[in-house]
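# Here's a sequence, model it:
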Amino acid sequence: MAKYSEEFKLKLVTEYLCGNLGYKLLAKKYNMPSPSPLKNWVRSYKEQGMDGLKRRKTKKKYSVQFKLDAVQFMLKTGASYLETAVQFDLNNPSLIARWLKAFRDQGIEGLKPRLKGRPSMSKKPNKQKKKEEKKITRVEELERENELLRLENAYLKKLKAFRENPNAFHEKHKQRSHSTSKKKDSD
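Numbers count the residues shown, from 1 in each chain. Reported below is the predicted structural model:
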């Protein structure tokens with residue numbers, strides 16, 4: 001719900017335009033923390049009439065090009081947020097402030113619309129499957145590493161044995177080759 005109703009805004013604007021009280025005194029009279037909203041209402045009322053005070057019922061979506069035009073207008077002319085809002089027929093100058101900040105932080109990408117809200121519940125099982133796949137790949141990765149370490153260990157053992165007694169290694173292989181050749185001859 002809006003903080004201030006349209007009737008309240010119109011009452012203060014007309015009282016300002018017809019009366020002798022300034023922004024600060026009117027804000028104080030109606031227990032407003034700051035005169036800034038009142039200034040914005042008066043200016044919007046002067047530029048757009050009653051439409052400047054109305055709160056939009058539906059959330060209007062602005063194109064990236066529209067946002068970019070508004071931001072570039074403000075940067076080129078040095079106009080304030082309110083002047084830019086009036087120029088582009090917006091009743092909320094804080095929109096321009098958000099667009100400008102997003103443009104400065106992220107460039108044109110910051111002006112593109114984003115998905116809002118929570119993701120649907122149907123997506124959660126898919127994420128769980130992906131996590132399981134990652135676990136499986138991690139397990140496979142560890143098994144692969146384990147196998148490589150076993151091979152390296154066996155190689156180092158054989159290398160050590162060869163260095164200690166190189167002749168024993170050759171004799172062992174000669175015996176194998178003789179035993180395999182005998183088997184081939186007998187077949």
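
# and Phe66, what is it in contact with?
Applying CB atoms under 8 Å, 6 or more residues apart in numbering, we find Phe66 in contact with Phe88. Where you see a C-beta, it was placed from the backbone N, CA and C, and this is true even at glycine.

# What strand or helix carries it?
helix 64-77 (DSSP states H and E).

# How far off centre is that helix?
Distance, stretch centre to chain centre, for helix 64-77: 23 Å (CA atoms, centre = their mean, to the nearest Å).

# now do stretch 78-88
28 Å.

# And the helices in the protein, which stretches?
6-18, 23-29, 36-48, 64-77, 81-87, 93-106, 123-164, 166-186 (DSSP state H).

# hang on, the earlier thing: quick one: mean pLDDT for the helix holding Phe66?
Helix 64-77 shows a mean pLDDT of 89 in the predicted model.

# next one: stretch 90-98
83.

# what's the answer for stretch 41-56, then?
75.

# Just the residues contacting that stretch, thanks.
Taking CB under 8 Å, 6+ apart as the rule, stretch 41-56 contacts 2, 6, 9-10, 12-13, 16-17, 23, 82, 85-86, 89, 91.

# Counting neighbours, which of those end up buried?
Lys9, Leu12, Val13, Tyr16, Tyr23, Leu82, Ala85, Val86, Asn91 (16 or more other CB atoms under 10 Å).

# Same list (the residues you listed) but as CSV, adding distance to Ile108.
Below are the buried ones among the contacts of stretch 41-56 laid out as CSV (distance: CB to CB, whole Å):
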residue, distance to Ile108
Lys9, 34
Leu12, 39
Val13, 37
Tyr16, 39
Tyr23, 37
Leu82, 24
Ala85, 21
Val86, 24
Asn91, 25
